[in-house]
Structures are given as C-alpha cells and as structure tokens.
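Peer 1: Take a look and give me a structure for this.
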Amino acid sequence: MLRLEACDVDDATAQITLRVQSTQTSAPCPLCATPARRIHSAYGRTLADLPWAQYRVCLQLRVRKWFCRNRACPRRIFTERLPTVAAPWARRTRRLAQRLVALGVALGGRAGVHLGHAWDLAVSRHTLLRGLRRQPLPVLPTPRVLGVDDFALRKRQTYGTILVDLERRHPVALLPERTADTVARWLQEHPGVEVIARDRSSAYAEGARHGASEATQVADRFHGLQHLRDTLDEVFTTHHHALDAVNAAARQQPVPLPDGTLAVPVPPPPTPARAEHQAAQRAAQRQALYEQVWAFHRQGWPVVAIAAQVGRGRRTIERYLHMPTWPGRQHRRHDGRSVLNPYQASLLERWNAGCHTAIHLFRELQLQGYTGSYRRVTAYVSRIRQAQGIPPRRQGRRQTLPVVAEAVSPPLTPRRATWLVLRREEHRTAAEAQQLTQLRAQQAEVAEAIDLVWSKNSCGLARVVFQEPPKPFVTLNGAFTYCVLADRRKEQHVTLALVIPLVMKMHHILRERTAQRPFPKENQP
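Peer 2: Okay, the predicted model is just below:
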C-alpha cells in the first residue's frame, strides 16, 4: 500500500526523513463507501513516527484526492484514508499515538513527559492529557459490591466521590461532589448493586438509602481499623502517664546484645530549659482553648459556630469534643529523626572499642558520609558518658567501662502504642511484646482497652478484621451489617451491633461524665 521513495539521514539534527508514496489503485468514499478510481490531485502529509535509537523519524507521505462516482453522495471529492498508518488530520502515526496514550495512562502528565524525554519522545503534558480525554470510557458492568469513598480535588476545599468495584478491584466512576443526591442519582442509573461499602458519612448513607434501598450498607476493613485506631489514640493520649512509666522502665533495663551480653542503654537527650518553658506556655494556651470550647458546647453552640468564635478549624473543635478530659501536657520527643541516626551503630562500635575522643569519632564519621555538625556528635558522646558514669572532660581510659548500645525499641508515643496494639501477635518482636505487657500492667483501663481489641470472642474487632480466611457471622435482625472484604472472592459479615459496643466501651473508659459530654451530632454512627 505504501512505497518508500527516499530516505534522508541528517546527523546534525538527529532526524531520519522517509519519503513514502501511496500505491492504492482505488479508495472507498468515507461517506458512502463507494470505491473511487478517478484521481483528483495529490498532496503531502508530514507525520511524526516512533524514534529509531537517538534519531527522530519523520514520514513525508504523498497521498491523493479522489472523485466519488456516486452521484447521490454529498461528498464529491475526498482524501485518501490510511487507517493503519494514521488517523485523518493527525500529525503522528497511529503507533506513536498509541505509545503516548499508554504513557499517559500509566504515568499521567508530568511524569509521562519525564519518561518520554528519556525515550526521545518530544511531548508535553497537555498532549498526554488530551490523548487521555479522547479515549472512550470502558463499558463496565454494574458492580455487585460497590465501594464508595471521597477524594480531594483540593484538600479541605473541594471533594469528589470515587466508586470502586470491590470484587474486580477496579474504579467504576468519579463523581464531582460528595453529596447524597449525586450518589443516589448514580445508583438509580445503575440498578443491581447489592452491597455498598462506605464510611460513616451521613451523606453517603442517605444517598445509598434513596438510590438503592434494597442494598446492604456495610463498612470496609480500612474504615473499621481507622475508627479503632482513632479510639485507641484517645485512650493512650488520655492515659499518657502509663506510656511515660513504660518508657522510664525501659531506660533502666539493660540492652541484650547478639552475643548474649548486656549493654547499658544510651539515655535520651535532655530537653533545653527554654524549649521546656515554651512548651509549658503552649500547653496552657491549648488547655484554656479546650475549656472554652467545652463551655460553648455545654451552652448548645454547634461545632461551626464554636470554630468561628475561637478562630480554629472544625476538625480541631471536633477533636476537642471527643476528649473527655484534657489529656495533659504532651512532652515533645527530641530523640526522633537525626542526621546522626544512620551512624550511631558505627559510633557505638568505635566507642566500645576504646576510641573516646569526640573529634576522632567525628572525622571517622565524615569519611563514612556523615554531613552533620561536630556539636551533634559531642552531644551524643555526652549521653554515652552519662550512661557509663564518666564525668565530663574525663577520658576514663584506666577503668573498665560497660558496653553501650541503643535501646532495641523506640520510646512509646500514643500513635506508636496504637500501632503496637493493632499489630498482629506473630509480627511483634520480643521487645515489642515486652513493651505491650508492661503497658497492660500499668493501668486497668489501658489493659481493658487492649483486651477489647484482641478479645478471643466475636467482639475482638482487630481479630475479626485480620483473620484469614473469613468466617460468616450471624446477623442480628434489624442490625446494620458490618462487612470486611478479604479479597475479590470472599466476604465476611459482622454485625455492627457487636462492633459499636467495642468502640463505645472504650469511650466510656475515658469519659467520666458521659451524659454531660455526648458525641457531636456530626460524628454519631
């Protein structure tokens, strides 16, 4: 169908130009499909093709115009079509266009441009996105199990709704809003949904009731664990003294080494006096704000009005209203991420080997790639001296010093304690299991919360979520069903009547005056 007439290679511009001529003896009319044999004229088309090595490839295609011999056809003259080469009016070959579409589907705009330049494909992000928009939407069957959740077009400003087929694990639709009417309209246009997995949003609940009244509304694994995590965070934030006691006990215990010996743990860095004073001032301000929020709430003010009055966000007000009592001052940890952390093992090894000069240790770490300051190394060396009982500015070479090592487990915070409780038992290390045992022994309320999560009966929510393969549970009459999708073939149904008492009982652990401080209406299940 095509004949190559010439091939020009330009090394200066790294381009290969192919002059190609169409050899068709007839062409069908694009309107009536009548074969035409009379040639009207010829013209040239320039098409970009896939690159060859580092050379760009350009096709200079010579095609013809034909007379349509069907007198009833409104098109008298038409241009020759080459469907296997390029689309009408296109400036790229079909295979190059398909390559760009695949690049846009996989990576999107900016990332696709970066990879395209590495492949010698000169393209802009707007071209990739236009190619995506021109693709026809796939025809998908109505899902039986539908997942409904929101996503941010602009965080905290504009949100949409994503619908996912949970059995096929494939997105179905994106809705421009997260309102009940939008969800109900889509469900009415796509009948056949049997199970709707959603969060505890009242808008999605109303939309599901109006759009698919026969469907069972359930909550998925993610939102179940999310609500449980938030509740445990409140438990450990309120009972932070239990975490402090576990951390203090861990600092007194020796660190076991792989060879069976015991080492002295490195103490945490001291908190500067100025930072301590500033933290106390900020804690006092937050507590005053907390009391002010609860004073407005007892007077019947809604959350939005309280947020506008005190000058804080709605999420902050809701978080304060979920706290039964002020959790107290939270101490900021100063032993978190540090540029010295990757080199602590090497520094401790050299220290235990007898090198007790900070400047020598600093220079050795620089040879290993350390980019921090000398002052940070000296501060860490001071902590090591404190652990070994060496007075400042003393080398201590003539005395036998204990071996020093970092603690096996980092100090507990409310968030770390939460994930420690939610982690499966077989995935916990020996040190983490010991931390959990010590935490359980601190306070009866904390122990009860942990037992509620991993209770061996049907009320243990974490045990229910994590168990594989899932087992069906009896659904109570009139109960709101709670569903956990383990994979695309299996489902697990647990009544929310068994799950809600778990979370509510944890809240009652925290609340001393439940009747005086009820849940805000926006967050009631």
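Peer 1: Okay, and residue 415 sits in which element?
Peer 2: helix 414-422 (DSSP states H and E).
Peer 1: what is the orientation angle of the helix or strand following that helix with helix 414-422?
Peer 2: Using DSSP H and E, the helix or strand that follows helix 414-422 in sequence is helix 430-440. Using axes from the mean of the first three to the mean of the last three Cα atoms, to 10 degrees, the inter-axis angle of helix 430-440 relative to helix 414-422 is 100 degrees.
Peer 1: CA-only coordinates of whichever helix or strand comes after helix 430-440 in CSV, if you can.
Peer 2: For helix 430-440, the following helix or strand on the C-terminal side (DSSP H and E) is helix 444-453. Extracted in CSV, the C-alpha atoms of helix 444-453 (Å, rounded to 0.1, in the frame of the first residue of the first chain):
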residue,chain,number,x,y,z
ALA,A,444,-6.6,-1.3,84.4
GLU,A,445,-8.3,1.0,81.9
VAL,A,446,-5.5,0.6,79.4
ALA,A,447,-5.5,-3.2,79.9
GLU,A,448,-9.2,-3.3,79.3
ALA,A,449,-8.9,-1.3,76.0
ILE,A,450,-6.2,-3.7,74.8
ASP,A,451,-8.3,-6.8,75.7
LEU,A,452,-11.3,-5.4,73.8
VAL,A,453,-9.2,-5.1,70.7
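Peer 1: Which positions in helix 444-453 come out as buried?
Peer 2: If you call a residue buried by 16 or more other Cβ atoms under 10 Å, then helix 444-453 has these buried ones: 446, 449, 450, 452, 453. Quick note: C-beta positions are derived from backbone N, CA and C, even for glycine.
Peer 1: which secondary structure elements does it contact?
Peer 2: In terms of contacts (3 or more Cβ pairs under 8 Å, 6 or more residues apart in numbering; DSSP states H and E), helix 444-453 is packed against helix 221-238, helix 414-422, helix 430-440, helix 461-466, helix 496-510.
Peer 1: repeat that for 10 Å
Peer 2: Contacts defined by 3 or more Cβ pairs under 10 Å, 6 or more residues apart in numbering; DSSP states H and E place helix 444-453 against helix 221-238, helix 240-252, helix 414-422, helix 430-440, helix 461-466, helix 496-510.
Peer 1: In CSV: those, plus mean neighbour count.
Peer 2: Converted to CSV, the helices and strands packed on helix 444-453 look like this (neighbours: other Cβ atoms under 10 Å):
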stretch, mean neighbour count
helix 221-238, 19
helix 240-252, 16
helix 414-422, 18
helix 430-440, 17
helix 461-466, 21
helix 496-510, 17
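Peer 1: Between the ones you listed, which one is closest to residue 200.
Peer 2: helix 221-238 (7.1 Å; Cβ to Cβ).
Peer 1: what's the angle from that closest one to helix 430-440?
Peer 2: 60 degrees.
Peer 1: what angle separates helix 221-238 from helix 240-252?
Peer 2: Using the same axes, to 10 degrees, helix 221-238 lies at 80 degrees relative to helix 240-252.
Peer 1: any idea how far residue 364 is from the residue nearest to residue 245 when sequence neighbours are not counted?
Peer 2: Once flanking residues are discounted, residue 245 sits nearest to residue 442: 5.4 Å by Cβ to Cβ, 6 or more residues apart in numbering. Distance of residue 442 to residue 364, computed by Cβ to Cβ, to the nearest Å: 42 Å.
Peer 1: which stretches of the stretch 1-150 of the chain form helices?
Peer 2: 94-107, 110-118, 125-134 (DSSP state H, counting those that start in this stretch).
Peer 1: now those as CSV including mean pLDDT?
Peer 2: Formatted as CSV, these follow (pLDDT from 0 to 100):
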stretch, mean pLDDT
helix 94-107, 92
helix 110-118, 90
helix 125-134, 90
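Peer 1: For residue 239, find the nearest of those.
Peer 2: Residue 239 sits nearest to helix 110-118 of all these, at 45.2 Å, using Cβ to Cβ.
Peer 1: Relative to residue 42, how far out is the closest residue to residue 5 other than its chain neighbours?
Peer 2: Using Cβ to Cβ, 6+ apart and skipping the chain neighbours, the partner closest in space to residue 5 is residue 19 (4.6 Å). Look at residue 19 and residue 42: by Cβ to Cβ, they are 13 Å apart.
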